[in-house]
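J.: Here's my sequence, what's the structure:
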Amino acid sequence: MRSDVIKKGIPAAPNRSLLYALGYTKEELERPLIGVVCSYNEIVPGHMNLDKIAEAVKAGIRAAGGTPVEFPAIAVCDGIAMGHVGMKYSLVTRDLIADSTEAMAMAHQFDGLVMIPNCDKNVPGLLMAAARVNVPTIFVSGGPMLAGHLNDGRRTCLSHMFEAVGSYYADKLDEQGVEEYENNACPTCGSCSGMYTANSMNCLTEAIGMGLGGNGTIPAVYSARLRLAKHAGMKIMELVEKDIRPRDIMTEAAFHNAETIDMALGCSTNTMLHLPAIAHECGIELSFDLSNEISDRTPNLCHLAPAGSTYMEDLDRAGGVYAVMAELAKKGLIDTSLITCTGKTIAENLQGVVNRNPEVIRPIENPYSKTGGIAVLKGNLAPDGCVVKQSAVAPEMMVHEGPARVFDSEDEAIEAIYAGKIVAGDVVVIRYEGPKGGPGMREMLNPTSAIAGMGLDKDVALITDGRFSGATRGASIGHVSPEAASGGNIGLVEEGDVIAINIPAHTIELKVSDEELAARRAKWVCPEPKIKTGYLARYAKLVSSADKGAVLG
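T.: Below you'll find the predicted structure:
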């Protein structure tokens with residue numbers, strides 16, 4: 001066993017003495033040591049139940065003959081961090097989580113790992129660590145939140161809550177109305193109830209083969225989630241015995257599967273940051289161009305919130321991620337020969353799986369659209385690409401041209417939006433919010449929700465070198481690369497410049513001549529860094545561009 005280096009022989013006697021100090025018995029140390037990486041904390045609603053998940057995992061490990069050893073991973077609640085300096089610290093935690101988990105796993109030589117994440121950066125961070133450490137590993141998330149209910153019975157969720165704030169500033173909702181959303185949008189523990197980033201990544205963990213069936217969709221409050229956790233604890237012992245490792249599962253073909261399933265589900269645009277970063281740790285490059293190729297041949301089968309009115313609990317009842325995969329397999333759109341954490345192939349996992357609700361998961365013959373949920377656009381405004389969740393864009397905004405309204409920070413933009421200074425036809429440009437320029441690449445849920453809440457989502461586009469929450473809907477185009485702080489053309493846009501967006505054609509153009517852009521570039525001076533000390537300053541020096549997954553060099 002890998003852990004023998006700290007357990008066996010006279011040279012390991014000092015190590016054993018410290019393990020005995022923890023209360024472990026000789027009998028326990030004769031079994032495989034399984035690290036249980038638990039992201040429990042008391043500030044993230046999606047993580048408040050993870051102590052229960054960890055206990056269930058540990059019970060499963062013991063039942064299958066292993067010794068569980070728990071240690072923590074951090075996590076930020078993006079919703080609580082939204083709209084202030086805290087959001088600069090969200091994306092950057094992905095790498096802190098990967099680094100710290102790698103350090104713990106390598107320092108203590110575990111024979112296997114069970115990862116227990118749930119929210120946005122926590123899931124990809126632990127997947128990155130799993131790829132680096134490359135010992136047998138399985139994931140079990142904390143599960144999604146149930147949808148809320150308003151007083152009149154309508155279902156609601158966090159994206160509605162943010163949009164309610166925009167409605168308030170547009171005088172479409174009073175303070176009492178805002179309070180009703182406030183008290184009902186997030187009714188239980190779990191990752192927020194739509195196909196936002198956390199649920200997108202938990203579904204894709206299942207799709208890529210690192211989580212058992214149901215990992216992405218079984219609600220947090222269901223006892224089935226505890227049973228899943230116990231089975232994950234049992235299954236890790238089989239993976240250790242068979243020596244099935246993350247890089248055996250997370251192959252190039254598996255990432256192509258994950259992107260295909262991403263397009264069918266209508267996942268968050270943040271997956272376009274996280275999948276390349278995880279692949280990078282596996283020694284695999286995922287390009288933006290590949291994303292469009294996959295999207296062009298993959299039908300969009302699901303319209304969960306914010307794109308539609310269904311929620312994660314509906315997807316679970318309809319058959320979950322496996323039912324979506326089964327639909328895609330009918331047309332040969334995914335490779336079903338690949339090994340997964342079940343110890344079986346995808347084809348074996350999908351035996352007997354049926355789509356139980358064709359309104360929630362459209363049959364492959366009757367999709368919402370013939371192309372996938374995400375599109376990558378390119379043009380002189382984003383030579384290296386930018387990303388839009390096209391499944392959540394109104395038909396009226398798939399092609400749009402309008403004057404640029406330029407802001408050098410999210411804070412300036414939200415102030416103008418709340419003040420009613422943005423009108424139909426405008427293209428809001430928010431720059432210097434990229435990985436380097438932010439630093440930290442803030443999510444722009446506040447401005448996009450304000451635009452939607454004011455009823456302008458069918459009339460106004462928003463473009464940024466920052467990123468979006470999975471809860472964002474509308475013509476919201478992010479990850480503009482190169483970013484402004486790296487000299488990208490988004491830094492040269494001036495108030496009133498015309499910007500043309502054509503999502504079906506995958507283009508985005510700043511209608512300014514090359515000569516004029518060259519003249520502006522000659523005068524351009526990169527602003528002083530917004531933050532010059534601490535982790536964010538170090539991050540800004542090391543981080544790559546968004547089209548490369550914002551990985552650290």
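J.: Summarise which helices and strands the longest helix along the chain is packed against.
T.: For the chain, the helix with the greatest residue count under DSSP state H is helix 223-242. When contacts are defined as 3 or more CB pairs under 8 Å, 6 or more residues apart in numbering; DSSP states H and E, helix 223-242 packs onto strand 33-38, helix 50-63, strand 112-116, strand 137-139. Using the backbone N, CA and C atoms, a C-beta is placed for each residue, glycine as well.
J.: buried set for it?
T.: Applying a neighbour-count criterion of 16 or more other CB atoms under 10 Å, one finds 225-226, 228-240 buried in helix 223-242.
J.: in this structure, which residue is closest to the centre?
T.: By CA atoms, centre = their mean, the mean C-alpha position of the chain lies nearest to residue 197, the distance being 3.5 Å.
J.: separation between that residue and residue 159?
T.: 12 Å (CB to CB, to the nearest Å).
J.: which residues are in contact with both of these two?
T.: Residues touching both residue 197 and residue 159 by CB atoms under 8 Å, 6 or more residues apart in numbering: residue 469.
J.: List the buried residues in stretch 2-21.
T.: Neighbour counts over stretch 2-21 (16+ other CB under 10 Å) mark 3, 6-7, 12, 15-16, 19 as buried.
J.: same question, stretch 164-174
T.: Those buried within stretch 164-174 under the rule 16+ other CB under 10 Å are 164-170, 173.
J.: got the angle for the longest helix of the chain vs strand 112-116?
T.: Using axes from the mean of the first three to the mean of the last three CA atoms, to 10 degrees, the direction of helix 223-242 lies 160 degrees away from that of strand 112-116.
J.: Give me the residues contacting helix 223-242.
T.: Helix 223-242 has contacts (CB under 8 Å, 6+ apart) with 32, 34, 52-54, 56-66, 68, 111-114, 116, 136-140, 142-143, 211-212, 214-215, 218-219, 341-343.
J.: In ChimeraX, how would I select the buried members of those?
T.: The ChimeraX command for the buried members of these (criterion: 16+ other CB under 10 Å) is given here:
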select :32,34,52,53,54,56,57,58,59,60,61,62,64,66,68,111,112,113,114,116,136,137,138,139,140,142,143,211,212,214,215,218,219,341,342
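J.: Surely residue 222 is in contact with residue 142?
T.: No - using CB atoms under 8 Å, residue 222 is not in contact with residue 142; the gap is 11.4 Å.
J.: what do the two both touch?
T.: Both residue 222 and residue 142 lack any common contacting residue under the criterion CB under 8 Å, 6+ apart.
J.: hang on, residue 44 packs against residue 73?
T.: No - assessed by CB under 8 Å, residue 44 is found out of contact with residue 73, at 11.5 Å.
J.: So which of the buried residues of stretch 2-21 are in helices?
T.: 15-16, 19.
J.: Which other helices and strands does the next helix or strand after the longest helix of the chain contact?
T.: Per DSSP states H and E, the first helix or strand lying C-terminal to helix 223-242 is helix 246-249. For helix 246-249, the elements it packs on are helix 122-133, judged by 3+ CB pairs under 8 Å, 6+ apart.
J.: Report the inter-axis angle for the helix it packs on versus strand 33-38.
T.: Using the same axes, to 10 degrees, helix 122-133 lies at 150 degrees relative to strand 33-38.
J.: List the buried residues in helix 122-133.
T.: 122-133.
J.: Could I get the residues you listed in CSV, plus columns for pLDDT and distance to residue 403?
T.: What follows is these, written out as CSV (pLDDT from 0 to 100; distance: CB to CB, whole Å):
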residue, pLDDT, distance to residue 403
122, 97, 40
123, 98, 39
124, 98, 36
125, 98, 39
126, 98, 43
127, 98, 41
128, 98, 41
129, 98, 45
130, 98, 46
131, 98, 45
132, 98, 46
133, 98, 50
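J.: which among these gets closest to residue 105?
T.: Closest approach to residue 105 among the buried residues of helix 122-133 (CB to CB): residue 133, at 4.5 Å.
J.: Next, the contact list for that closest one, please.
T.: Taking CB under 8 Å, 6+ apart, we find residue 133 in contact with 101-102, 105-106, 113, 246.
J.: secondary structure class for residue 434?
T.: coil (DSSP: H, G, I helix; E, B strand; the rest coil).
J.: Going by residue numbers, what spans are helices in the stretch 301-450 of the chain?
T.: Ranges of helices within the stretch 301-450 of the chain are 312-318, 320-330, 346-349, 410-418, 445-453, based on DSSP state H, counting those that start in this stretch.
J.: orientation of the last one relative to helix 410-418 in degrees?
T.: Our comparison of helix 445-453 with helix 410-418, counting by the same axes, to 10 degrees, yields an angle of 20 degrees.
J.: Against which helices or strands is the helix or strand following helix 445-453 packed?
T.: The first helix or strand that comes after helix 445-453 along the chain, using DSSP H and E, is strand 461-464. With contacts taken as 3+ CB pairs under 8 Å, 6+ apart, strand 461-464 sits against strand 427-430, helix 445-453, strand 476-481, strand 498-502.
J.: and if we set it to 7 Å?
T.: strand 427-430, helix 445-453, strand 476-481 (3 or more CB pairs under 7 Å, 6 or more residues apart in numbering; DSSP states H and E).
J.: Just want the angle from the second one to strand 476-481.
T.: Counting by the same axes, to 10 degrees, helix 445-453 points 150 degrees away from the direction of strand 476-481.
J.: average model confidence for helix 445-453?
T.: Here helix 445-453 scores 93 as its mean pLDDT.
J.: any idea which element residue 177 lies in?
T.: For residue 177, the enclosing helix or strand under DSSP H and E is helix 175-184.
J.: what is the mean pLDDT for that helix?
T.: Here the average pLDDT along helix 175-184 is 97.
J.: Surely residue 449 touches residue 163?
T.: Yes - with contacts counted by CB atoms under 7 Å, residue 449 reaches residue 163, the gap being 4.7 Å.
J.: didn't the residue nearest to the centre of the chain look like it was pressed against residue 270?
T.: Yes - the criterion here is CB under 7 Å, and residue 197 meets it with residue 270 at 4.3 Å.
J.: what is in contact with these two at once?
T.: 120, 470 (CB atoms under 7 Å, 6 or more residues apart in numbering).
J.: about what we covered before: can you give me how far the longest helix of the chain is from the chain middle?
T.: Computed by CA atoms, centre = their mean, to the nearest Å, the chain-centroid distance of helix 223-242 equals 24 Å.
J.: Between helix 50-63 and that helix, find me the angle.
T.: Interaxial angle, helix 223-242 versus helix 50-63 (the same axes, to 10 degrees): 40 degrees.
J.: what about stretch 307-326, how long is it end to end?
T.: Stretch 307-326 has its terminal residues 22 Å apart, counting by CA to CA, to the nearest Å.
J.: Sorry, wrong one. I was asking about stretch 409-427.
T.: End to end - CA to CA - stretch 409-427 spans 15 Å.
J.: And the contacts of it?
T.: Under CB under 7 Å, 6+ apart, the answer for stretch 409-427 is 169, 402-405, 407, 428, 430, 432-433, 442, 444, 446-447, 450-451, 456, 459-461, 463, 466, 499.
J.: Okay, now the unreliable bits of the stretch 451-553 of the chain?
T.: Scanning the stretch 451-553 of the chain for pLDDT under 70 picks out no residues.
J.: Kindly recompute the last result at 90.
T.: 470-471, 530, 553 (pLDDT under 90).
J.: which residues in it form helices?
T.: Secondary structure of the stretch 451-553 of the chain (DSSP H, counting those that start in this stretch): helices at 514-523, 534-542.
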